[in-house]
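K.L.:
Sequence plus the predicted model coming up.
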Amino acid sequence: MKTLVIAEKPSVAQDIVRALTPVAGKFDKHDEHFENERYVVTSAVGHLVEIQAPEQFDVKRGKWSFAHLPVIPPHFDLKPVDKTRTRLNAVVRQARRKDVGELINACDAGREGELIFRLIEQYAGGAKPLGKPVRRLWLQSMTPQAIREGFERLRSDAQMQGLADAARSRSEADWLVGINGTRAMTAFNSRDGGFFLTTVGRVQTPTLAVVVEREEQIRRHVARDYWELHASFEAEAGSYVGKWFDPDWKKDPEDAEKRADRLWDEARARAIAAAVQGQPASVREESKPSSQLSPLLFDLTSLQREANGKFGFSAKTTLALAQSLYEKHKALTYPRTDSRHLPEDYVGVARQTFEMLAGGHQTHLAPHASKALAEGYVRPGKRIFDNGKVSDHFAIIPTLQEPGALSEAERKLYDLVVRRFMAVFYPAAQYQVTTRITTVEHGSERHRFQSNGKVLVQPGWLAIYGKEAEGEQGEDKDGKSLVPVRPGEQVMHRDTEVKALATRPPARYSEATLLGAMEGAGKWIDDDELREAMQDKGLGTPATRAAIIEGLIGEKYLLREGRELIPTAKAFQLMTLLRGLQVEELSKPALTGDWEYKLAQMERGQLARADFMREIAAMTERIVRKAKEYDRDSVPGDYAQLATPCPQCGGVVRENYRRYACTGAAGAGEGCGFSFTKTPGGRTFATDEAEQFLRQRRIGPLEGFRSKAGWPFVAELALVRDEAAGQWKLEFDFGDDARAEASGEIVDLSDQPSLGACPKCGGAVKAYGKSYLCERSLPSHAQPTPSCDFKSGQVILQQPVEPEQMRKLLAEGRTDVLDRFVSLRTRRPFKARLAWNADEGKVGFEFEPREGGRKYPPRPSTASKTIAAGAAPAGAVARKSAKKATAAGTAAKTRAPKADKAPKAPRAGNLHPSPELAAVIGPGPFGRGEVMKKLWDYIKAHGLQDPQDKRSIVADDKLRPILGAERVGMFKLAGLAGAHLKA
């Protein structure tokens, strides 16, 4: 019988094979595994399986209502991760082999690695356990010798049971809190109609709370004036500057803005300046050596912080670059690590790395590497080599493989890691630090001024960073050392600058500082035991923190402006809701601290898994109950008052939890009844947006709206007078063309000039409303029933499309390069042409060739956004636009070349579905619109939209013959269905 070894990543599987070959014999390489007489070695690629509620507990219809909450299944089923399904099947095939009698878990040494293996093993067993014995390979170093030693002391399954229980419990607890919390808060916020997705989670919500709390501090801050005195003194060797300070100052715990060198009274500051003017002064100074060690090696979070500060890279970008340097170039070690140390048996590998750098192509660093080798800097020491501080992985360092061609961004990051790796072995930088106190006596008063000097004596590790680092360290803040003063020398005051300053609020978080806050979140916990449990954990893991931040941006809780992260109105509304419902634990790091404390107990066998999960279930039920039973009209909070008066009665308009409402002339009553929702289409008004909307009666186009089906769209909003009701109301304004399309009202475009022939049917394309559209797409006297659906926005992703550009597109197939598009996803500007895509039957983006002749590949998702951002504001919500755009692609392929021979659209009710399609929507006949409606009803009823990407449809047994794939984008749906229809 053979032993199956399952590693977490292919690179680790290869390392294991290389280590075992000398002792177990040569391995044959197969597509998905290695094999010899004794072992089969294969690997996952991270998580291959994830948990889900069993079918009978999995709510599909109405999951966003309180009726089906809480969802607390008695056990969890498993489902494959779609993008790695092929790899899962390959691993499972090996596990089920009859000649495999034992499994070795060689996934990463930690809780997450344990979970990855356990879920794969459970999935491979199916309805019953796999029934094969399991042992654990526990590695903290990947040298061949360490791997061989690990195989000699494999741990038993019983030894790992506590860790396995903790891993499963953490995963299931996150599911319970995240799913139930998100559905409960969404149900609460959607009570008044519409769909307002409100996501919460154990990690994401406390992270958001950190940013919101900082923004609240900024908003509450009131600037206070203070003064500083900077005096210039003349000595025999030259002049120097000292800052006034109060030697008797004591820290005020009630006022953090008070400092020893700040004066809060201008008259007092100017009196001191006048008192010391032209006076002699005595000097006392102390000079002592000081050393500064290099920073520790990088873990992922410190690398992300450094790259964000130096290069402006987002945490997501840094992770992607580091992953590329690890996987593609083999130039860095595994990047998703929280350790800043190396294993104790890595001294030899470190020395070899220096040898590679000394003899390689890094010519700017080679001399430093050679010096380290010559001086014997690479030697054991707990500051670098410490097994006790190596967790699942060790610090990020360069490998023995020198990289070839790198992108500029990859080169920057690689250089950052290499310099840090070299610096940590170099000696400390040596300084001479001087503190000088200059005292001016005036009558009975003594006024003291402090000067600081710092001279770099031996650069040590700073030599690796060259002049840049020396400039950053500096001798003093002006980059100059203090002029010398003889013992007992009397200096003369020359002049004093009285600086008028004001206190400033704390800085907003950047990704670098937010990553640091997430890493050190435990320090905010008052309970000693919980704080200790989170000491090495923080919020999230190094591998997930970037995704948490990107997720908060994607859900419109945060905006990224330059390097700042700014919470949106939706973020403040969530915090208000959690406080009002008294479920603030969802926003506190203490929740993670509590879990980590109990999971650590579970790992040691001191807490039963069942007891922990009972506590989680009770907490989940409480969160849902608080939201379900809350019966007050509004949630208490700190709400704004708008400056613009009520348009109905001139009263004061105030914000409450759900609306902006008139509160009467005094601002404290019922008002006249005028109000408008804070969250139209699931998008929350910022206060300044609400002010503008009320003042101008119109705003937009704005992005971030969601239809009731959850599809994103862009629209303008208008405040219009409803004469019948005698009141003002908020309306979405999609333009004249949308109203005509929806109502069937006859439109006369005869006086509008044609911009060219429609690429779909040959009709005239004209400007109307907010779009350019085919005249046959609207009801007219000549054609009451529209027969075409060509439409393109006059503004697409904030880029105006002028009539001459539309003429060019219709005549030549593409516009000039337009440079004012702004991505909905990244908010960054980009350049592209608009081009007609005959295959897809719609207008999309065409990118200019890159240097070297390669083109940016057209991205379906981006092209889809063109329709959503262009056509949707002009009259169709994104879902409708998607249907039209793809259906039109099918029509375009079959049309005749001349307009007068173009096929007419089939009449409603004469389309017969194929047997495969009929099994989903019925036998028909149907109209095309009815087909798509029934198809979407089926998809929604069976929960076949990917919850992570609602634009993707996941096939079940009935849909698979229609889609021809396991999953397709929603924009392909109409075209695929069209192939199953006959007139």
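P.N.:
It's in.
K.L.:
Every contact and neighbour count from this point should use C-alpha atoms.
P.N.:
Fine.
K.L.:
Could you look up the SS state of Cys761?
P.N.:
coil (DSSP: H, G, I helix; E, B strand; the rest coil).
K.L.:
I'd say Val417 and Leu296 touch.
P.N.:
No: counting by CA atoms under 8 Å, Val417 stays clear of Leu296, with 11.1 Å between them.
K.L.:
Contacts made by the helix or strand containing Val40 with the rest, please.
P.N.:
Per DSSP states H and E: Val40 is located in strand 39-43. Strand 39-43 is contacted from outside by 2-10, 12-13, 16-17, 32-35, 91, 94, using CA atoms under 8 Å, 6 or more residues apart in numbering.
K.L.:
do stretch 253-268 as well
P.N.:
With CA under 8 Å, 6+ apart, stretch 253-268 has contacts from 225-228, 243-247, 249-252, 269, 503.
K.L.:
about what we covered before: from the contacts of strand 39-43, list the buried ones, please.
P.N.:
2-10, 12-13, 16-17, 33-35, 91, 94 (16 or more other CA atoms under 10 Å).
K.L.:
Tell me which strands the strand holding Val40 pairs with, and in which orientation.
P.N.:
Counting by DSSP bridges, the strands paired with strand 39-43 are strand 2-7 (parallel), strand 34-35 (antiparallel).
K.L.:
Let me know which of those is the nearest to Arg654.
P.N.:
When the strands paired with strand 39-43 are compared by CA to CA, strand 2-7 sits nearest Arg654, at 58.9 Å.
K.L.:
Show me what the helix or strand just after the closest one is packed up against.
P.N.:
Following strand 2-7 in sequence order, the next helix or strand is helix 10-24 (DSSP H and E). Applying 3 or more CA pairs under 8 Å, 6 or more residues apart in numbering; DSSP states H and E, one finds that helix 10-24 makes contact with strand 39-43, helix 144-152.
K.L.:
Export these as a markdown table, with columns for mean neighbour count.
P.N.:
Formatted as a markdown table, the helices and strands packed on helix 10-24 follow (neighbours: other CA atoms under 10 Å):
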| stretch | mean neighbour count |
| --- | --- |
| strand 39-43 | 25 |
| helix 144-152 | 16 |
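K.L.:
So for Ile116, which of the ones you listed sits nearest?
P.N.:
Short answer: strand 39-43, nearest of these by CA to CA, at 10.6 Å.
K.L.:
Now the element after the closest one, going C-ward?
P.N.:
Remark: after strand 39-43, the chain's next helix or strand is strand 49-52, criterion DSSP H and E.
K.L.:
May I have that next one as CSV, with CA atoms only?
P.N.:
What follows is strand 49-52, C-alpha atoms only, in CSV (Å, rounded to 0.1, in the frame of the first residue of the first chain):
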residue,chain,number,x,y,z
VAL,A,49,-13.6,23.1,-0.5
GLU,A,50,-15.8,25.5,1.5
ILE,A,51,-18.6,25.0,3.9
GLN,A,52,-22.3,25.6,3.1
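K.L.:
by contact count, what packs against the next helix or strand after that strand?
P.N.:
Later in the chain than strand 49-52, the nearest helix or strand by DSSP H and E is strand 77-80. Strand 77-80 sits against strand 49-52, with contacts defined as 3+ CA pairs under 8 Å, 6+ apart.
K.L.:
Listing partners with orientation, what would you give for the strand it packs on?
P.N.:
strand 77-80 (antiparallel).
K.L.:
buried residues in the helix or strand following the partner strand?
P.N.:
Per DSSP H and E, strand 77-80 leads on to helix 85-95 as the next helix or strand towards the C-terminus. For helix 85-95, the neighbour count (16+ other CA under 10 Å) marks 87-88, 90-92, 94-95 as buried.
K.L.:
One more: stretch 266-274?
P.N.:
266, 269-270, 272-273.
K.L.:
can I get the CA coordinates of it in CSV?
P.N.:
Provided in CSV are the C-alpha atoms of stretch 266-274 (Å, rounded to 0.1, in the frame of the first residue of the first chain):
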residue,chain,number,x,y,z
GLU,A,266,0.0,84.7,22.6
ALA,A,267,0.6,87.5,25.0
ARG,A,268,2.7,85.2,27.2
ALA,A,269,4.7,83.9,24.1
ARG,A,270,5.5,87.5,23.0
ALA,A,271,6.4,88.5,26.6
ILE,A,272,9.0,85.7,26.7
ALA,A,273,10.3,86.7,23.2
ALA,A,274,10.8,90.2,24.4
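K.L.:
How far off centre is it?
P.N.:
Distance of stretch 266-274 from the chain centroid (CA atoms, centre = their mean, to the nearest Å) equals 51 Å.
K.L.:
Report the mean confidence score over stretch 101-111.
P.N.:
Stretch 101-111 carries an average pLDDT of 92.
K.L.:
Let me know whether Val583 touches Ile623 as I believe.
P.N.:
Yes: judged on CA under 8 Å, Val583 makes contact with Ile623 at a distance of 6.3 Å.
K.L.:
okay, the two: which has more neighbours?
P.N.:
Taking neighbours as other CA atoms under 10 Å, Val583 and Ile623 compare with Ile623 leading, 24 against 19.
K.L.:
so the more buried one, which of the three states?
P.N.:
helix.
K.L.:
hang on, the earlier thing: nearest to Thr687, out of the helices and strands packed on helix 10-24?
P.N.:
strand 39-43 (51.6 Å).
K.L.:
Pull that closest one out as PDB, backbone CA atoms only.
P.N.:
Only the C-alpha atoms of strand 39-43 are listed here, as PDB (Å, rounded to 0.1, in the frame of the first residue of the first chain):
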ATOM      1  CA  TYR A  39       4.600   7.700  -1.900                       C
ATOM      2  CA  VAL A  40       2.000   9.600  -3.900                       C
ATOM      3  CA  VAL A  41       2.600  13.300  -3.500                       C
ATOM      4  CA  THR A  42       0.000  15.900  -4.600                       C
ATOM      5  CA  SER A  43      -1.200  19.300  -3.400                       C
END
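K.L.:
shift numbering so it begins at 22
P.N.:
New numbering, starting at 22: the last item is strand 60-64.
K.L.:
That one: how far from the chain's middle?
P.N.:
35 Å.
K.L.:
Check stretch 947-957 too.
P.N.:
37 Å.
K.L.:
Show me which positions of it end up buried.
P.N.:
In stretch 947-957, counting by 16+ other CA under 10 Å, buried: 947-949, 951-953, 956-957.
K.L.:
Okay, and which of the residues you listed map to helices?
P.N.:
Among the buried residues of stretch 947-957, DSSP state H puts 949, 951-953, 956-957 in helices.
K.L.:
quick one on the thing from earlier: the helices and strands packed on helix 31-45 into a markdown table, with extra columns for mean pLDDT and distance to Gly299?
P.N.:
Output for the helices and strands packed on helix 31-45, formatted as a markdown table (pLDDT from 0 to 100; distance: least, CA to CA, whole Å):
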| stretch | mean pLDDT | distance to Gly299 |
| --- | --- | --- |
| strand 60-64 | 97 | 79 |
| helix 165-173 | 91 | 73 |
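K.L.:
Need these in TSV (columns: distance to Pro805).
P.N.:
Output for the helices and strands packed on helix 31-45, formatted as TSV (distance: least, CA to CA, whole Å):
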stretch	distance to Pro805
strand 60-64	63
helix 165-173	77
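K.L.:
Next SSE downstream of the helix or strand harbouring Thr641?
P.N.:
According to DSSP H and E, Thr641 maps onto helix 630-650. Toward the C-terminal end, the helix or strand that comes next after helix 630-650 (DSSP H and E) is strand 674-676.
K.L.:
what packs against that following strand?
P.N.:
By 3+ CA pairs under 8 Å, 6+ apart, strand 674-676 packs against strand 680-683.
K.L.:
strands paired with the strand it packs on, and their directions?
P.N.:
strand 674-676 (antiparallel), strand 696-698 (antiparallel).
K.L.:
Out of the ones you listed, indicate the one that is most buried.
P.N.:
Using mean count of other CA atoms under 10 Å, the stretch among these with the largest mean neighbour count is strand 674-676, at a mean of 24.
K.L.:
what's in contact with that strand?
P.N.:
Contacts for strand 674-676 (CA under 8 Å, 6+ apart): 660-667, 681-685, 688.
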